[in-house]
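Asker: From the sequence below, what's the structure:
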Amino acid sequence: MLRKLYDWVFSLARSKHATPALAVVSFAESSVFPIPPDVMLGPMILARPERAYFYAGVCTVASVLGAMLGYAIGYFLTDIGMMILSWLGKADTFEASKALFQQYGAWVILVKGLTPIPFKLITIASGVFQFNFLLFVLLCAITRGGRFYAEAWVLKKFGPVVLEQVEKRLALWTVIGLIVLVGAFAAIKLL
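Answerer: From the prediction side, this is the model:
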């Protein structure tokens, strides 16, 4: 079963619809969608390493555009923004987050944009707290671009070797991946 799923993911990563799907997921993840684009970006780069930086560029541009939508949700539709933050379990920390944004807003955007923490938390909160929009867009481009281009570089450079090991020990790497995924979700809940 794992082998079929693995083969399906890589066939999808090579399909003609992969790039538009990557753009849609990257856009949506920055404002409303819970799945990070890395789950598509990684296999796409491994399937076609010569297009690694192109895919990182698509991810970056779409993510920044999605971040602008997230900002607009927080700024213009504050009630909906607060509902989304509440749904993500972060509305109860509103006052503490507001104080953090007022003092360290740029650093919050830069650091959180590099992590697996859902970026929509930052984009919507930036709008709710009326963070400077132009600075917000610039910081999103820096942090998201840094993340996706670094991922592209690592996967392009080390991906073929890692891919060979994954294919030899698919079950072991699946368990490791699940442990990392559960750990990331646990870390998000604790933050």
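Asker: what's the longest helix belonging to the chain packed up against?
Answerer: For the chain, the longest helix by residue count, based on DSSP state H, is helix 133-168. Helix 133-168 is packed against helix 38-47, helix 52-76, helix 94-114, helix 119-128, with contacts defined by 3 or more Cβ pairs under 8 Å, 6 or more residues apart in numbering; DSSP states H and E. C-beta: built from backbone N, CA, C; applies to glycine.
Asker: tell me which strands and helices the longest one is in contact with?
Answerer: What it means is helix 52-76. Against helix 52-76 (3+ Cβ pairs under 8 Å, 6+ apart) you get helix 18-29, helix 38-47, helix 78-87, helix 119-128, helix 133-168.
Asker: For Val64, which of the ones you listed is the nearest?
Answerer: Closest of the helices and strands packed on helix 52-76 to Val64 is helix 133-168, at 4.9 Å (criterion: Cβ to Cβ).
Asker: Grab the nearest non-local neighbour of Thr19.
Answerer: Leaving out its chain neighbours, the residue that sits closest to Thr19 by Cβ to Cβ, 6 or more residues apart in numbering is Val58, at 6.0 Å.
Asker: ok, the one you found - contacts?
Answerer: 19, 22-23, 26 (Cβ atoms under 8 Å, 6 or more residues apart in numbering).
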